[in-house]
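Trainee: Kindly return the folded structure for what I paste below:
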Amino acid sequence: MEGKVKGGDYMSFEQTLLQKLVRQMLKNARRHQRKRARQSFNDYERGAVNAYYEMLKSLRNTLETFGQDFRAYELDVDLDEELLSLRRARRQGPRRSIRDVAGAWKEHQQEVREELKEILGREW
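Mentor: Next comes the predicted model:
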């Protein structure tokens, strides 16, 4: 089963799977970001947004490093603007240190990965 991408090229099964995974990760990140915007002091949503941001940014950088067109995987979005700017614009409490942010990522990293495994398990 191969998928077609912009420009008419075909993707392998693995590439199609990665594209679906990225699409679902972006959808989940945006959902957590909307919740985070409504609940400015919700540390869980903040951690989830940061976790998705780090995973998507890392994936995009890896694709670029290996000469892959990240646009084919729908990663041609400004992750900083889309996932982080609203969080920064609505921040009302004290600035958090990098250790706090790293702690939030560590706290929710496994949870996000399990959520993705569950989603992929249902689809494939």
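Trainee: give me every residue that touches Phe70.
Mentor: By Cβ atoms under 8 Å, 6 or more residues apart in numbering, the residues touching Phe70 are Arg60, Leu63, Glu64, Asp76. From N, CA and C alone the C-beta is placed, and that goes for glycine too.
Trainee: what about the last one, which SS state?
Mentor: The local conformation at Asp76, judged by DSSP: H, G, I helix; E, B strand; the rest coil, is coil.
Trainee: coming back round to it: closest to Glu14 out of the contacts of Phe70?
Mentor: Leu63 (12.8 Å; Cβ to Cβ).
Trainee: which SS class is that closest one?
Mentor: The three-state label given to Leu63 by three-state DSSP is helix.
Trainee: Could you report the distance from it to Asp80?
Mentor: Relative to Asp80, Leu63 is positioned 17 Å away (Cβ to Cβ, to the nearest Å).
Trainee: And Lys35, by the same measure?
Mentor: Distance, Lys35 to Asp80, by Cβ to Cβ: 19 Å.
Trainee: who has more neighbours, the two?
Mentor: Lys35 (15 against 11; other Cβ atoms under 10 Å).
Trainee: thought that one was touching Asn42?
Mentor: Yes - if you go by Cβ atoms under 8 Å, Lys35 and Asn42 touch, sitting 6.9 Å apart.
Trainee: For this protein, just list every one of the strands.
Mentor: Counting by DSSP state E, the chain has strands at residues 3-4, 10-11.
Trainee: circling back to that earlier point, would you mind checking which of the contacts of Phe70 is nearest to Leu17?
Mentor: Scanning the contacts of Phe70 for proximity to Leu17, where the rule is Cβ to Cβ, the winner is Leu63, at 14.1 Å.
Trainee: wait, the closest one sits on Asp76?
Mentor: No - applying Cβ under 8 Å, one finds Leu63 not in contact with Asp76, separated by 10.9 Å.
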